[in-house]
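Participant: Pasting a predicted model and its sequence here:
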Amino acid sequence: EVQLVESGGGLVQAGGSLRLSCAANGFIFDDYAIGWFRQAPGKEREEVSIINNRDGSTYYRDSVKGRFTISSDDAKKTMYLQMNSLKPEDTAVYYCAALSVIFYDSPESFSSNFARWGQGTQVTVSS
């Protein structure tokens with residue numbers, strides 16, 4: 001059974017930093033794309049960053065490029081999202097998700113029923 005557990009959220013002032021972690025169990029890490037998504041109150045869920053553990057390729061949404069960095073530790077089966085220069089508009093619940101690379105070709109692929117999701121962690125950025 002695929003399990004994803006997020007941690008590292010919290011309250012931070014604008015301009016500050018947080019590092020989110022996503023601990024994974026129940027699947028072969030290297031065969032999956034793992035991504036961070038977020039959902040703010042009253043808004044739709046949006047992709048933030050994705051890493052394909054098979055080939056190491058990464059994706060970032062434009063609004064976080066240069067501020068956020070996604071990384072993956074295969075030995076620990078943990079993915080990280082380093083978030084710097086945080087802005088109030090980054091406030092959201094952040095979710096970790098995993099999808100077999102067989103089904104992954106774009107962020108929209110995570111809408112698939114084959115994607116698995118964590119429970120989310122709250123990030124709040126005060127102005």
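Facilitator: Happy to help now that I have it.
Participant: what's the nearest residue to the most centrally placed residue in the chain if we skip its chain neighbours?
Facilitator: Closest residue to the average C-alpha location of the chain: residue 36 at 1.5 Å, with C-alpha atoms, centre = their mean. Counting by C-beta to C-beta, 6 or more residues apart in numbering, residue 36 lies nearest to residue 48, which is 4.3 Å off, once chain neighbours are set aside. Placement of C-beta: from N, CA and C, glycine included.
Participant: about what we covered before: pretty sure the residue nearest to the centre of the chain sits against residue 50.
Facilitator: Yes: using C-beta atoms under 8 Å, residue 36 is in contact with residue 50, at 7.5 Å.
Participant: Find residues that contact each of these two.
Facilitator: residue 70 (C-beta atoms under 8 Å, 6 or more residues apart in numbering).
Participant: so who does the spatially closest residue to residue 1 that is not a sequence neighbour touch?
Facilitator: Nearest non-adjacent residue to residue 1, counting by C-beta to C-beta, 6+ apart: residue 26, 4.8 Å away. Residues counted as contacts of residue 26 (C-beta under 8 Å, 6+ apart) are 1-3.
Participant: Many thanks, have a good one.
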